[in-house]
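Student: this one's sequence-less:
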């Protein structure tokens, strides 16, 4: 007996207008099922998505709101939910191949060390996408993964920025350095600021958790430690906000140098 190849693979839920649109436009072949909430069939945005689904050969089912709430664990689904073939995270081998393929380009990477909130991961992914980051790198253990919540918050970024989960982050940092990528950690107690630092080389920015920052070994492996200057009395920023600020300082310096 033949097994439907879509149904034989692990699946995950994607929900929300923008996340669904990205999935439909980028990988319609991975969509195994689709639902729209009863009562919003005439909504223009939902209707547009339904037409795109139908054009891809997928007929969405109409479902009650409580059913979609259950599928998304009460996430803000905006009336549309997709079931898709799960995309596993990339690994160290993918990253090394990427480094080799981009060795003649100015590269920017984002390393998230100990970020466990999927919303922070998703928001950081969104900033990374906007800043042209080549890959977001996380440790496999004690780190948020690309859950439906993270994908919803990423708002399409998860389909565009490679998400790399590595077994040994310290060893991965060494691999980046061997490929002439400078690894710069972010810590509030640093002396130099991101505005003092010259991001002249290919760069990997490292963000630690809001509670404890970078792990000790991660910090030791960094080529430099810098901070975002803040007003007196402000202890820290949300990690995704800090990542966005730091990434765009690298982008800003590149733009200035290219003029």
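Tutor: Yes, it's here. Small disclaimer: the values here were computed from a predicted structure and weren't measured.
Student: which other residues reach the longest helix that the chain contains?
Tutor: In the chain, taking DSSP state H as the definition, the longest helix is helix 239-258. The contact list for helix 239-258 (Cβ atoms under 8 Å, 6 or more residues apart in numbering) reads 106, 108, 110, 112, 115, 119-121, 123-124, 126-128, 130-133, 186, 194-195, 198-200, 203, 205, 207-210, 228, 236-237. In short, each C-beta sits where N, CA and C put it, glycine included.
Student: so residue 191: helix, strand or coil?
Tutor: coil (DSSP: H, G, I helix; E, B strand; the rest coil).
Student: hang on, residue 11 packs against residue 85?
Tutor: Yes: Residue 11 is within contact range of residue 85, at 6.1 Å (criterion: Cβ atoms under 8 Å).
Student: touching both of the two, which residues are there?
Tutor: Common contacts of residue 11 and residue 85 (Cβ under 8 Å, 6+ apart): residue 32.
Student: OK, contacts around the spatially most central residue of the chain?
Tutor: In the chain, the centroid-proximal residue (Cα atoms, centre = their mean) is residue 125; its distance is 2.9 Å. Each residue near residue 125 by Cβ under 8 Å, 6+ apart is listed here: 136, 150, 153, 154, 157, 158, 161, 163.
Student: show me the contacts for the third one.
Tutor: If you count contacts by Cβ under 8 Å, 6+ apart, residue 153 has them with 118, 119, 121, 122, 123, 125, 126.
Student: got a markdown table for those residues, with secondary structure too?
Tutor: Output for these, formatted as a markdown table (three-state DSSP):
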| residue | secondary structure |
| --- | --- |
| 118 | helix |
| 119 | helix |
| 121 | helix |
| 122 | helix |
| 123 | helix |
| 125 | helix |
| 126 | helix |
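Student: just the buried ones among these, please.
Tutor: Listed as buried from the contacts of residue 153 are 118, 119, 121, 122, 123, 125, 126; burial here means 16 or more other Cβ atoms under 10 Å.
Student: which members of those residues define the maximum pairwise distance?
Tutor: Greatest spatial distance among these (Cβ to Cβ): 118 and 126, at 12.6 Å.
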